[in-house]
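Trainee: Okay, predicted coordinates and the sequence, questions at the end:
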Amino acid sequence: ILGQLEGFEAPAGAWETEILPARINEYEPSWLDEQCLSGRFVWTRLARRTASPERGAAPVKSTPITLLPRRNVRLWSEFADAPDASHLTSRANDVAEVIQAHGASFFDEIVDETRMLPTQVEEAIAELVALGVVNSDSFAGLRALLLPADRRRPRAGGRRGRRIALFGMADSGRWALVRKSTSASPSEAGSTFDAGNSEAVENLVRTLLRRWGVILWKLLAAEAPWLPPWRDILMCCRRLEARGEIRGGRFIAGFSGEQYATPEAVSLLRDARRKPHDGQLIAVSAADPLNLVGLITPEARVPALTGNRVLYRDGVPLAAYMGGEVRFLAPLDEKAQWEAQSAILRRHVPAVLADLA
């Protein structure tokens, strides 16, 4: 699942309350922590923050976070601008300097070196995370910052429950500066990638094929805005087709331009076309990559926010939940509307993550 979602940018608060539990039965947060602690995957922010620096920064639930295999961080950072650390607060700057001087450090080590209060260090780390400057060994580091402080402190008498301990800063592992590519960013090198970036573009194309099965220009709108232009992706797809690794053709009707798919996806599309409809209702968060409303369907786009939701029936968008209101995207009778409304509001958040939802 993590390989399929590689490079997808989603709000920090959506990963464990919406996206992963929707794909993994009885999801446990420790599973993601194990993948990060083992060094297989890292979490980070790749997109540069665009808000005014005067507003400050905090890793709120809407902060865009990406999960990447550690070996591919260099390739993905070819596309994103380096983090802007020119407007750090003095506390965040002090924490960054400590990590720079001493390398990856545990939370208590940073507290000792900076001689700040633990809450002040947490705020500084939150600012650095929001800017994509630092991350931690474990996803528990981000999880702890998302959880309100009063819900992760020890209970009366100093005793900790398993849920509280799981979300504490002491469980976040070491904090380190995010290592990214040292090559020129897209804004500096121009919009077209040279031969030195062909490896990064090919890794991107293979990831998109693993995620979607089919690649066409319209689907790029569901991805991060800092990805390379379609023409660079198209050149790579043509090379892969010439090697016989993927197929070119017309797989999704109603869209102009070239389309490419994996052989496995072509077979699955044919099976889906022949498969009879069963009327199954599936609700996903609007922050989920499966929110394709307004991209490959004619309805208006549903903003990719954690609180918004989309309901599908047999793969067709039926309703959307936005701004606390359910909006029906297809004509339904009264009974069907009640069923749709019940399905779109039903969420399956693991109990241990209820406070993050």
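Mentor: That came through fine. Numbers count the residues shown, from 1 in each chain.
Trainee: CA only for contacts and neighbour counts going forward, please
Mentor: Noted.
Trainee: Doesn't Ala253 lie inside a helix?
Mentor: No: Ala253: not assigned to a helix; according to DSSP: H, G, I helix; E, B strand; the rest coil it is coil.
Trainee: quick one, what contacts it?
Mentor: By Cα atoms under 8 Å, 6 or more residues apart in numbering, no residues touch Ala253.
Trainee: Can you get me a residue count around the nearest residue to Glu26 once chain neighbours are set aside?
Mentor: Excluding the flanking residues, the one nearest Glu26 by Cα to Cα, 6 or more residues apart in numbering is Pro350, at 7.1 Å. By other Cα atoms under 10 Å, the residues close to Pro350 number 19.
Trainee: so how many other residues sit close to the nearest residue to Phe106 once chain neighbours are set aside?
Mentor: Counting by Cα to Cα, 6+ apart, Phe106 lies nearest to Arg174, which is 4.3 Å off, once chain neighbours are set aside. Number of residues near Arg174 (other Cα under 10 Å) recorded here: 22.
Trainee: How confident is the prediction for Arg174, by pLDDT?
Mentor: We have a pLDDT of 94 for Arg174.
Trainee: Settle this for me: it is touching Ala140, isn't it.
Mentor: No: under the criterion of Cα atoms under 8 Å, Arg174 makes no contact with Ala140, lying 10.7 Å away.
Trainee: Strands of the protein, residue ranges please.
Mentor: Using DSSP state E, the strands of the chain run over 9-11, 41-44, 64-69, 105-106, 134-136, 174-177, 214-215, 247-249, 259-261, 281-285, 309-313, 316-322, 325-328.
Trainee: Can I get the ones you listed in JSON lines including distance to Tyr27?
Mentor: Shown next, in JSON lines, are the strands of the chain (distance: least, Cα to Cα, whole Å):
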{"stretch": "strand 9-11", "distance to Tyr27": "18"}
{"stretch": "strand 41-44", "distance to Tyr27": "17"}
{"stretch": "strand 64-69", "distance to Tyr27": "17"}
{"stretch": "strand 105-106", "distance to Tyr27": "27"}
{"stretch": "strand 134-136", "distance to Tyr27": "21"}
{"stretch": "strand 174-177", "distance to Tyr27": "24"}
{"stretch": "strand 214-215", "distance to Tyr27": "28"}
{"stretch": "strand 247-249", "distance to Tyr27": "35"}
{"stretch": "strand 259-261", "distance to Tyr27": "30"}
{"stretch": "strand 281-285", "distance to Tyr27": "16"}
{"stretch": "strand 309-313", "distance to Tyr27": "20"}
{"stretch": "strand 316-322", "distance to Tyr27": "24"}
{"stretch": "strand 325-328", "distance to Tyr27": "27"}
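Trainee: who touches the residue nearest to Phe106 in this structure?
Mentor: Ala104, Ser105, Phe106, Phe107, Ser136, Asp137, Ser138.
Trainee: gap between the last one and Ser172?
Mentor: Taking Cα to Cα, to the nearest Å as the criterion, Ser138 is separated from Ser172 by 5 Å.
Trainee: if we can go back for a sec, the residue nearest to Phe106 and Ser136: what is the separation?
Mentor: 5 Å.
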